[in-house]
Structures are given as structure tokens and as C-alpha cells.
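Chemist: got a structure for you, letters missing:
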């Protein structure tokens, strides 16, 4: 046996590229155009059958491998009217290997098509039981069949959009000098100080291969005795990112975060992915943080505005933003409006008293209260429209919220020793933070200047009823070489939902978990 | 107040780039060389003081912001011998803003230096209490001060290497047609079928900002009643990635994974990051999977072999691979040896019986048993050296392990309906899998062809005592348009540890969690 193996293993001594991987449909379609005779050398493609149309002497199928939106039209000639076994098994959902010649398509809808010479069915698909047919299932149906959902056009497209968004973010943040980092998911800290966190048992039961249904409790706990036996799933990696930013100056991550939300809304998930970034040496205070958010979003989304997948999602949605909106939002010359919480209250109140449309169901909040959805909509609408040169509603940074409404780590607007802009000059205490409100969705992202003054941070911990001992490490970051710094988080799912007009964030992540619902 | 704000917000109507962010030290050092007079226009840099050397009329400090290995030498002239307050506060760990002129350095060790004209201390640092001084602390000390650890040179360098590895992987996999995906972390499935998994409580307690120390048990559990109230932290995203690969053909992720390992070794963590990839339409079976692993690692590591950060780590380590090793490993012309488990056993046995050096403490395993570390070392050593043309020990793919040693989802080597190469032709059942063993570390990565035959997969589930009902969704992937497919996982920490010679994986991740130890 050894000698046989040696032969196999010696056969290919040198290889530098992945010539062993087959061409994707995207590769094949981007090949040079056919030659004069309309023929190129034979191509082999792999993919799943998306649809089949049978005629007497010819059949058509659309094949896709997930690398393109439209897939490839494959043409099968059977001039005698007979179809062989392979051709009869060519049904929606089956996986196939096709060899043929790529020719200019005489039909409408595609430039080129594959004239098939050889069909091999790799995986059959029983049309009687296959849950995905041409007719549309509800999104609810697919939330229960979440493992098959990526095969639908809209979810497949969404998955590619997430990929492109990630690439865009990686490129932008790396170019801007940010280091990609991996802060922890298991943590002893609850970043938001009182958020809804998932608890992880560290003296976890163990299941074994022999007794998978009968977990055993180990006699030695994972955690040494004096320590807590629970950890939490991170709600935000911010605090840990700050420790990294205190060495690397600019850091970011694309990582999962967890909130034990009971909300059943279109905007909440238990598990979601965020881009989070922290930057030290922030020369322009809160405006500097907003700038990074705005410029990076405009750049990344701008590169995707004409992407075919994004267009597909937008065109499938009745609530997607119009071209006019997208163009206005992404225009570098139209800066997104920035308005303080206090000013937003005054403007809401003035509008409410004026009796103009739209009328609010609820009066505007008092100072210290949160906005209701209708107020957020008005802010992103009326305020996003005025004063910016834009003719359409748009994103609005609402800044400087009351201190008690926000987490302990935000910069308190009472002093300005290092040139931070303090916009809230009245006696009510505010913090240097922002929520970015966007039309229809509401809060897309939030961030702040972080409190870098040791004594003020201790006061904020006390104000929020948090233990100084527990956050001693976080205070150390201020004790030793602190800097003016800030950061923010951008939720991936909300970004896809807003920009592409996908109604629920549950359709903006491959395997949604919400209100404790864990399918698979 | 409104009018004042309007002025502020109107001031910058147009901005397209991040001119508001200061230049990094890397930016400054990559500026064009000074002009004829040796001076350029003034530069402002921000960073932390790494070291200070004071002389009578001049002081020197090394400043770094984490964007470079060496930092920037700053020169402070005080010809009268007097130092002002700022200069006296210029101590290791302090954060500073320096303005001055970049000149050619007359000293050794750097091409250019900053002749400082203005010093601003942003964050002081008490040298009496600052735990990081020039003298070396032990790695154990920093595992307890993990929030300050990124400030040490070696950990800062490691963080940049992780960033560069991630970039390299993203570039390679995207070019090869893989879609970056976000499979779930919370899961109802235990991928390995009997691994040590962390349990997450879904009817989690809630702490509130008002009573942070007094968790309340919610009356409505997060999970609907008939469902389980626990989920698990994923040990591998493979099963979910397979569902995505059944639509997108090639997918990968860079994501955290969790194992409730009690091991206190240098190679085990409770939370670690993996690149995992799955690919459908695998024309060449297990060899195709190994090819992707080998070619991608050679490409990504090849681009980093001369990187200054990688070199720093290797030069700091007594156990780092030599240049000769690195060159041999990364040579495209020297394919990493592939040997079956069964052949490896025979070769181990033959070596053992020959009495040649090195002698084993333990006899080689019997068929069906795992290798001990000394056997793995011999395989990567003796086998990695012979027959490949390499003169040094090297990575070895050990393939086709006994079926009962490996998880349920691996392709059983008993039939070859779609051209998969079956190397284990004897009566003992094996699976089409590999472990990649590398010198000193042992297992770096593992993967397999996935079982794509429905009936065989059901048999494997039964063999492993796993419930068909629980894996019904996974079986669906075979029911409907299955393809020959496979995948693998590459652990980030082990990769850094092996390639850079970092002794423990705990120093290859920003915030290590091991044996239940969660610091911060």
C-alpha cells in the first residue's frame, strides 16, 4: 500500500495556485467573449438548478452556484424529443456538473448561455418534498427552515451583501490606520452596566460521545473556587477595545455581540454582528467620532450603491430608500446634520405647538426622557431635510444626551481641558455621545467620546451604582497615559436592513436568534 | 444656543476624507525625505512614551502609537540645562502630543528623528505605580494584568501580526471565490457530537442599572416553553457553514469558537478564533481540501515571512522556526507530505523496532488509538523531512483516520461514487479527513470531506449515538441537491504560536480565556 501512496503523493510535486478548484459561474461569465464562430473551448460549470423549462426538442435551466445574481442559462438539446435519465432528474434544487460551450444567447435576459454537451447530476432533489419551489414562501416559513433559506434568491443576495459590506469596512478602516482586533466574547464585565446579558456557565456540564443525552457534572469546576462561576456573553466589545486602543491607537473589530432582549421587533436580535471601533488621540472630540462614522459609511455604502445585489434587494422592497435618498445620503458635499438632544427637544416642541403636519400621537419627551419612534422619524425626516441642502429626509446625529440616560463610560460635558467641544452649555448635565438616527429604522449606530478623566469616571461609576473594584482595570487605562478617545458601534443587520430596505433584521443575518429563539 | 450650533455645523459643509484624524507615526515616517536643509514642515505626532534618556542639555524619548515596531525618536533640546514641567512629566507610559521637525538622525538606530518644538502631556503616568517599566515582567504577570499587556512590545507586535494574518486570509479566500459569512455563535447543536461545550442560559437572569448586584429572574423565559432553555456556544461553525456552502458554493468565516477544555497546556484556550472554510463541488476529494489549506497557508505566511513584526517575534523566541525551516515550508515546489494514518502507524512501528534515534518512551499506538506528542513530533520530523525534497522537518498531513476516532460528519472511505480518492482500501473503516501536524506544535488544523450520502450519514449518527431528529436539518442538506464537499478550520492562535515561535497560545490572543479563567 505504501508504494501506491507514494506514487499518488509524488504525482504533483509542485503547485502554486488553486488550479484544482473548478471555475465558478462568475469566472465563466467573465471570460473573454466567444470567438468569431460564437464558440469557445468547452467549459465545465457546477451549480444548483434554480428553474427548468422543458420544450419538445430543447430544455432550458438556470444554474447558479451562488457567485452571481442571475446564474447561467443552460440549454439542453434533445432533437428527438427524448430526454435521458440525467435530463429527467434535472429539477429545481438538484446539483449538477455541466460541460458545454458558452455561446452568445439568442434569447432575451442574458448575453450568453451554455450549450450543454454533458450533464451529470451530483445530488438529486425530490420535487415532491423539497420545500423550496418557485412559488414564494413567507419569510416566517423560512425562519423555521433557516438551513434552506440561503438557497432563496433574496437570502443568497443578502449573504453576498454582508460579504461586500465586510470587505468595504475592512478596506476603509485599514486604510485609515485601524488595526483589526479580536476582543473577547466571554467576559466578566457587562459593558453597558445593567444591560440584559446572557450568562455562561463555567462549571459547565459535559456531554460525552458515549452518553450524549446524559450530561455529567464534572467534579472539578472549570473556574478556580474563589472566582465567579459565571461569565457573560459580551454586549459590546468596547471596554476591551479601549484597552487595545490604549496601545495601538486605532482599533476595530467585526465581531458578534449578544443581548438577552425580549423584544420581538424588526430591529432586535439576541445575537448580532457589529463593527466596533475605538480611536485614541482624538483631536476634535465628538465631531471627530461622528466624522469617522459618516465618512466610512458614505465611502463603503457609496461603493455598493450600484451593486447588483444591493439593487436587487432594494427593488424587491416597497420600503427601500429611493435613488434620490441614496444619492443625497451619500453625497460628500451634504454633511449629515448634527443636533443636540436639547435642541432636538426644543424643535420637537415647537413643531408640536405649531400644529403642523405630521401631528404627534404623544407629546414630545421632557428633558431626560427618551424619544418615541414617531419623534425619531420626525427628527430624521424634518431635521434631516432642513439646513443641510438635502431635499430629502436623511440621517441625523443626535448628540449630547442627558448623562443619566447613557452608560457610565461617556465623557461628561462639564469641562474642556483638552479642546473637546462642549455643545451643551446649560446646567443640565449631558455626555459627549451621539445616536445616528436614520429614516424609517431609527437608531443605526451610537458612539461617544469616552470619559478619560479618572475622578470623573469614578463619579460616573458611583452614579450608575457600579463597583469601582470591578472596573479597576478600566480605571487603570485612565491612570496610565490616558488620551482623549472615543468610539462607536455599527450594527451589520440594521445597516443592511436600512440601506437595502429589508423589513426585518431577521432577514439580514444567516441564522437569526431572537427572543431566545435558537433554530439549529 | 441654536444659532451657535448652526455656525459650528455649517462650518464644514463638504468633507470626503479623514483629514480630521491626525497622522500616525507610521504615516509620518513614510513621508518623503527631508529637503536640502534637512528640515521639513512641522509635524505633529501623538503617542505614548516608551523610554526616556535624559542628558544635561538634551533629552531623548522613544514615542510610539502602536503603528510601528520601533516608534519615533524624539529629541528635546534644553541648552540651559533646565527642563520645563512638560518635559519633567515625560515619563514611560505617558501619552503626548509633540510638534517639531523631522530631521535626519545623526544617531544610530534610526534614519530620522523628531526635533521637538512643543510638548503637550495628554495623559500622565505615575512611574511609582505604573506596572510596565523597562525591566521585563513575566508572561504570568501580564496574564493577570491583561488590560495593560497590549502596551508591551511583544504583545503589541502579536496584535499587529493577527491583523496582518487576517488581512492575508481575507485577501486569499476572497480571491479564490469564497464568501465571508457570519454563522451563529449560539447554537442548539454540538458540532463535534460530544465535545466539551459551554452552556448558555436562555432564561437568563437580568440585572438592571438600578440593582446591578441583584439579578432578577424574569417571569417570562426568553425561550418558548416547549423548546430547550439552554443553548450552547459553538465549538465550530462547520455545520452551519455547510448550510451556507450549499447555496454559495464556497464560504469562510473568521469567528470565535469555544471549548470548555480543562487543559492547562500551551495549546488550549476556552475561546479562540478560527478561520473556517467549506467548499462545495470538490472535484478532487480530500486532496482538494488539503490543497486549499496548503496553498492558502503558503501564500499568506509567505507574504509575512519577512514582515518586521513576525521577525521580531521570531528573534525574541528560542523556539522559533529557523529561516531554513520557513523557506522550506513555504516553498511552492515542496509539497507538504501526505500520509495516511495507517501508513504512519506502520512507519512509526518500523522506526520503533529499528532501535534508531529518537527512541520513543511509549510504543507507537495500535490501530484505532491516537498519537502521543512524541509520535506527532516524529511524524512532522522524520516524515516531514523525507521524500519531499526538504532537508528540514516540516508539516505533514496525516489522513484517513479510523472512523470511530473522528466526528460523525466525515466521509466514510468505503465507496467512491463521485470520483473521491479512497486511500484506505483495507477492511478497517476510515474517514476522508486530515490533521495537519507541524513541528513542535502538533495539530495546527484539521478538516475532511463531509459525508454527503444520506444513508451513510444516518448510519454515522447512529454509530456516534446521536439523534437523527436533532440533525434532521443537517440531513436535509443531503436530501436536497447535495454535492461532494469538504472543509477545515485553522486556529489563529496556534498559527501565530507555531509560525512566530510564541511559546503559549495565551500570548497569541488579546484576552486569553483558559480552563475557565476569565480575567476582565
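Modeler: Ah, there it is. Predicted model only: the values in this text are computed from it and were never measured.

Chemist: where do the strands of the stretch 101-250 of chain A begin and end?
Modeler: A:112-123, A:179-180, A:186-187, A:199-201, A:230-233, A:250-258 (DSSP state E, counting those that start in this stretch).

Chemist: so for residue B:460, which of those strands sits nearest?
Modeler: strand A:112-123 (17.8 Å; Cβ to Cβ). Any C-beta I mention is one placed from the backbone N, CA and C, and that applies to glycine too.

Chemist: quick one: strands adjacent to that closest one?
Modeler: Paired strands of strand A:112-123, with direction, are strand A:72-77 (parallel), strand A:95-104 (antiparallel) (DSSP bridges).

Chemist: before we move on, back to that, packed most tightly, which of the strands of the stretch 101-250 of chain A would that be?
Modeler: Of all these, strand A:250-258 carries the top mean neighbour count, a mean of 26, counting by mean count of other Cβ atoms under 10 Å in any protein chain shown.

Chemist: partners of it in the sheet?
Modeler: strand A:179-180 (parallel), strand A:271-279 (antiparallel).

Chemist: and residue A:515, how many neighbours does it have?
Modeler: 19 (other Cβ atoms under 10 Å in any protein chain shown).

Chemist: doesn't residue A:122 make contact with residue A:96?
Modeler: Yes - assessed by Cβ atoms under 8 Å, residue A:96 is found in contact with residue A:122 at 6.2 Å.

Chemist: about what we covered before: need the strands paired with strand A:250-258 in a markdown table (columns: mean pLDDT).
Modeler: Shown next, in a markdown table, are the strands paired with strand A:250-258 (pLDDT from 0 to 100):
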| stretch | mean pLDDT |
| --- | --- |
| strand A:179-180 | 98 |
| strand A:271-279 | 97 |
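
Chemist: could these be laid out in JSON lines, adding distance to residue A:115?
Modeler: Below are those laid out as JSON lines (distance: least, Cβ to Cβ, whole Å):
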{"stretch": "strand A:179-180", "distance to residue A:115": "46"}
{"stretch": "strand A:271-279", "distance to residue A:115": "43"}
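
Chemist: any idea which of those is most buried?
Modeler: strand A:271-279 (a mean of 25).

Chemist: tell me how far that strand lies from the chain's centre.
Modeler: 10 Å (Cα atoms, centre = their mean, to the nearest Å).

Chemist: contact residues of the stretch 401-520 of chain A facing chain B?
Modeler: With Cβ under 8 Å from any Cβ of the partner chain as the criterion, the stretch 401-520 of chain A meets chain B at residues A:418, A:421, A:423, A:425-426, A:452, A:464-467, A:473-474, A:476-484, A:492, A:509-511, A:513, A:515-520.

Chemist: now, those residues that are in strands?
Modeler: Assigned to strands by DSSP state E, the following of these qualify: A:513, A:517-518.

Chemist: just the closest residue of the stretch 301-450 of chain A to chain B, please.
Modeler: For the stretch 301-450 of chain A and chain B, the shortest gap (Cβ to the nearest Cβ) falls at residue A:332, measuring 4.1 Å.

Chemist: and for that residue, the neighbour number?
Modeler: 15.

Chemist: part of a helix, is it?
Modeler: No - Residue A:332 is assigned coil when assessed by DSSP: H, G, I helix; E, B strand; the rest coil, not a helix.

Chemist: do you know the pLDDT at it?
Modeler: At residue A:332, the model reports a pLDDT of 88.

Chemist: and for residue A:265?
Modeler: pLDDT, residue A:265: 85.

Chemist: take the ones in strands among the residues of the stretch 401-520 of chain A next to chain B and write them to TSV, including pLDDT and distance to residue A:154.
Modeler: Shown next, in TSV, are these (pLDDT from 0 to 100; distance: Cβ to Cβ, whole Å):
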residue	pLDDT	distance to residue A:154
A:513	92	20
A:517	78	20
A:518	80	23
